[in-house]
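>>> Provided below are the primary sequence and the corresponding predicted coordinates.
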Amino acid sequence: MSQLVVEAAGLLTTVQDFGREGHGVLGVSASGAADAVALRLGNLLLENKAGTPALEMTLTGGTFLFPDGAVICLAGANFGAQVDGKALELWRPHAILPGKRVVFGPTKDFARSYMCVASGIGVAEFLGSASTHLLSGLGGWEGRALRKGDVLPIGRLEKNIRRRRLRAGVLDGLKPGKTLRVTRGPQSDWFLEEARETLVGGQFVVSEESNRMGLRLDGPRLAARGNAEMISEGAPLGSIQVTPSGQAIILFVEQQTTGGYPKIANVIAADLHCVGQLRPRDAIRFEEVSLAEARLLWIERQKLLGSEERLFA
Amino acid sequence: MLVYLGEEIGAAAHERVVRLLRLLQSEPVKWIRNIQPAYCSLLITFDAATVDHAEVRETISGLEKHAKKSPAAKRRLVEVPVCYGGEFGPDLEDVGEQRGLTAEKVVELHIARTYHAYFLGFAPGFAYLGDVAEEIATPRLETPRKEVAAGSVGIAGRQTAIYPFATPGGWRLIGRTPLEIFRKDREPMGLIAIGDQVKFQPITRAEFLAMRPA
């Protein structure tokens, strides 16, 4: 195994793959990459399996030394990565020579940037996934965010990596938007009609208190009809819970698996990667779609992401 | 999709939840990605590229009819030592005040019952236990705490639970256990599983400190 040395960790850098869906009975949420589309494309550009573990950086990236060299691909947000003062373009494989370091800075656009490595990052799996679950200190690299001085094992340098590129236009269709499409939630009837109109008509701002568990939204309050105490139930990824004070919270990848607050709506699967790219203070809007539309959008997305011909030039 | 199997918290609805869960675990349906049981419901996450809502509804309601006839699940008893009040239970006095009881009476009522572990949710190993005596039922905090210590025992309505990790939380905290609720190097990882019976035992601060893992 070759190595990746963390010389500076950045604000919050974790090892992530597609997560460990399917352990709700233990109360374990899936975790996984906040922008699964970026992780998938970054890996596929390296001819890795789509869900190969990679580093997920948040808002500000770190500095990583490759003593033995590596082939990497950057995906997601642009954190102005450089090697020897030269910019590293996103969405294409780069050979990093032995002893060189990749230096990331603060974001220039979105919240999360991924550094995928050819052959992946070697961390032990927990319940079938290498993803870090920060809340419980499970999975990933020692169950925590990376720190200066960590040395991670990575795949050996592949000499014959193809120069794969994305087709023109692919990224335009996948660009993380600030309008999230939602379907009605199971307790949407608990809310006053005005609240439902406010949700789709109003503007919300991502609060500083947002993380991989959930995004708290500042903005208009969403009033429920009464003060009924709800019976806790399973809460899906992307569900929008409303607290008694009327604040909306989008449950995200390290979510609580159940919740006792009513769910007014649910971000559709095809827009979840957009949630992962929201930064604190970003202004967002919601747009309601039907379950059937949400399903069609998801099927179309899966077709695109599953087609090498449509993705790569 | 949320499958509702009752409208109030209780043994009847939960028995249906556990039976359907056991059936789905023993005979897995290939498009089911995750099952999240709760008091009266199962949240079923499915692969929407393979099936639509109508097909999921039809399949699950068929299985539920079948599950109803299956035998009742066995129940295990788990005993949990708790140091009540003081720094470990910052809301104990407040729960008493809200319900016109002394702190001692709140503890007495909390330890008197054997609780049913309805499901695990919120965080890994977090078991929703019920039903708490009506006399000490208190609503969640208006504004959740940003951090609750691991092992904290809280009350929310007629539910009680132990926080496995230091997490945000809105339940009213009445005590803390020195036991580790969830460990990935243990089998099973969670101290409490769905369907278990749970009993709390009061311990002193000194006993708490002595029992806490190094």
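Thanks, I have it. Numbering: from 1, shown residues only, chains lettered A, B, ... in the order given.
>>> What does the pLDDT read for residue 47?
By default, I'm working from chain A. At A:Glu47, the model reports a pLDDT of 93.
>>> Oops, wrong one, chain B.
94.
>>> neighbours around the nearest residue to A:Gly139 once chain neighbours are set aside, how many?
In space, and not counting its chain neighbours, A:Gly139 is closest to A:Phe126: 4.3 Å by Cβ to Cβ, 6 or more residues apart in numbering or on different chains. Using the backbone N, CA and C atoms, a C-beta is placed for each residue, glycine as well. Neighbour count of A:Phe126, defined by other Cβ atoms under 10 Å in any protein chain shown: 21.
>>> For the residue of the stretch 151-300 of chain A found nearest chain B, give the beta-bridge partners.
At 2.5 Å from chain B, A:Gly234 is the closest residue in the stretch 151-300 of chain A, using Cβ to the nearest Cβ. Counting by DSSP bridges, A:Gly234 is bridged to A:Thr258.
>>> OK, contacts around it?
Applying Cβ atoms under 8 Å, 6 or more residues apart in numbering or on different chains, one finds that A:Gly234 lies in contact with A:24, A:257-258, B:2, B:36-38, B:41-43, B:121.
>>> Out of the residues you listed, which comes closest to B:Ala133?
The shortest approach to B:Ala133 among the contacts of A:Gly234 belongs to B:Ala38, at 21.5 Å (Cβ to Cβ).
>>> Tell me which helix or strand B:Glu93 sits in.
Element membership for B:Glu93 (DSSP states H and E) is helix B:92-99.
>>> packing partners for that helix?
In terms of contacts (3 or more Cβ pairs under 8 Å, 6 or more residues apart in numbering or on different chains; DSSP states H and E), helix B:92-99 is packed against helix B:103-112, strand B:172-176.
>>> Count residues in the vicinity of the closest residue to B:Pro90 other than its chain neighbours, would you?
Among residues not flanking B:Pro90 along the chain, B:Leu173 sits closest, at 5.5 Å (Cβ to Cβ, 6+ apart). Neighbours of B:Leu173 under the rule other Cβ under 10 Å: 23.
>>> residues in contact with B:Leu173?
B:88-92, B:148, B:152-154.
>>> now the chain, which segments are flagged as low pLDDT?
No chain in the question, so chain A it is. Scanning chain A for pLDDT under 70 picks out A:157-159, A:227.
>>> Sorry, I should have been clearer: chain B.
Residues of chain B meeting the criterion pLDDT under 70: B:214.
>>> So for the chain, the centremost residue is which one?
Looking at chain A here, since you left the chain open. By Cα atoms, centre = their mean, chain A has its centre lying nearest to A:Ala34, at 1.2 Å.
>>> not quite, I wanted chain B
B:Tyr128 (1.3 Å).
>>> residues near the nearest residue to that one once chain neighbours are set aside, how many?
For B:Tyr128, ignoring the flanking residues on the chain, the nearest one in space by Cβ to Cβ, 6+ apart is B:Tyr118 at 4.7 Å. Using other Cβ under 10 Å, B:Tyr118 has 30 neighbouring residues.
>>> wait, isn't B:Tyr118 in contact with B:Leu129?
Yes. Here B:Tyr118 reaches B:Leu129: they are 7.1 Å apart, a contact under Cβ atoms under 8 Å.
>>> For the closest residue to chain A within chain B, identify the helix or strand it belongs to.
Per Cβ to the nearest Cβ, B:Leu43 is where chain B lies closest to chain A, at 2.5 Å. Using DSSP H and E, B:Leu43 sits in strand B:41-46.
>>> So which elements touch that strand?
Short answer (3+ Cβ pairs under 8 Å, 6+ apart): strand B:41-46 packs on strand A:233-234, strand B:2-4, helix B:11-26, strand B:32-37, helix B:53-67.
>>> I'd say B:Gly130 and B:Gln159 touch.
Yes. With contact defined as Cβ under 8 Å, B:Gly130 counts as touching B:Gln159 (5.2 Å).
>>> neighbour-wise, which of these two wins?
A direct count of neighbours by other Cβ under 10 Å for B:Gly130 and B:Gln159 places B:Gln159 higher, at 24 against 21.
>>> Tell me the bridge partners for the residue nearest to B:Pro90.
On the basis of DSSP bridges, B:Leu173 is bridged to B:Gly154.
>>> before we move on, back to that, dump the residue contacts of the residue nearest to the centre of chain A.
Applying Cβ under 8 Å, 6+ apart, one finds that A:Ala34 lies in contact with A:16, A:56, A:111-112, A:212, A:252-253, A:273, A:275-277.
>>> Can you flag the buried ones in those?
Among those, the ones that count as buried by 16 or more other Cβ atoms under 10 Å in any protein chain shown are A:16, A:56, A:111-112, A:212, A:252-253, A:273, A:275-277.
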